[in-house]
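> predicted model and sequence below, questions to follow.
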Amino acid sequence: MPALKYRILQRVVLTCVSVFTVISAYGDIAVVVHPSNTTALDKSALERIYMGKTNNLNNGRAALPINATKGAATRAEFNKLVIERSDAQINAYWSKLLFTGKGTPPKELATDQEIIATVSANEDAVGYVDSSAVTDNVKVVATFQ
């Protein structure tokens, strides 16, 4: 009987460690812009930009939103925390807009490094990356966890 209790306890501990490892694998999401960009971006403004409801930043310039590629952990977290919709809901939304010719989804890039490089090269770009990937080449305007 003690061996059974030990195995059960061992499985509980391993499960807890696994859960905490998965949770800690996702860091904060940092929304980044070009260092010279002075626009203010809150959650509402980001949702409007990434859902195609506005094409402009708060400073009046045209926005260039950059998404992480489909399936990326940062994209799922951004969608959950900022857009407050699942990946499937957002994909369906953009499919409808594309089909009707009423919008084009944000450009997608595969890695945080590509997003940072694109944002640092374009004053109107807005992107998001894992906060651990942020460099001095971009400015963080919001974080979500």
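Okay, I see it.
> relative to Glu84, how far out is Cys129?
Wrong residue type there; residue 129 is Val, not Cys. According to Cβ to Cβ, to the nearest Å, Val129 stands 20 Å off from Glu84. (C-beta placed from N, C-alpha, C; glycine too.)
> neighbour-wise, which of the two wins?
Higher neighbour count among Val129 and Glu84: Val129, with 29 against 10, using other Cβ atoms under 10 Å.
> specify the beta-bridge partners of the more buried one.
Judged by DSSP bridges, the bridge partners of Val129 are Ala30.
> wait, what's in contact with it?
For Val129, the contacting residues are 29-30, 32, 68, 74, 112, 115-116, by Cβ atoms under 8 Å, 6 or more residues apart in numbering.
> just the pLDDT at it, thanks.
In this prediction, Val129 carries a pLDDT score of 98.
> which secondary structure elements does the helix or strand harbouring Thr143 contact?
Assessed by DSSP states H and E, Thr143 sits inside strand 139-144. The contact analysis (3 or more Cβ pairs under 8 Å, 6 or more residues apart in numbering; DSSP states H and E) places strand 139-144 against strand 29-33, helix 43-50.
> quick one: contacts of the following helix or strand past the last one?
Along the chain past helix 43-50, the next helix or strand (assigned with DSSP H and E) turns out to be strand 64-68. Contacts to strand 64-68, defined as Cβ under 8 Å, 6+ apart, come from residues 49-50, 74-75, 78, 105-110, 112, 115, 118-119, 122, 124-129.
> one more pass at 7 Å, please.
49-50, 74-75, 106-109, 115, 118-119, 122, 124-127 (Cβ atoms under 7 Å, 6 or more residues apart in numbering).
> immediately after it, which helix or strand?
helix 73-78.
> now that next one: how far from the chain's centre is it?
4 Å (Cα atoms, centre = their mean, to the nearest Å).
> change the start of the numbering to 5 and stick with it
Understood, numbering begins at 5; the last thing we discussed is helix 77-82.
> tell me which residues in the next helix or strand after it are buried?
Next along the chain after helix 77-82, taking DSSP H and E as the criterion, comes helix 91-104. Neighbour counts over helix 91-104 (16 or more other Cβ atoms under 10 Å) mark 94, 97-98 as buried.
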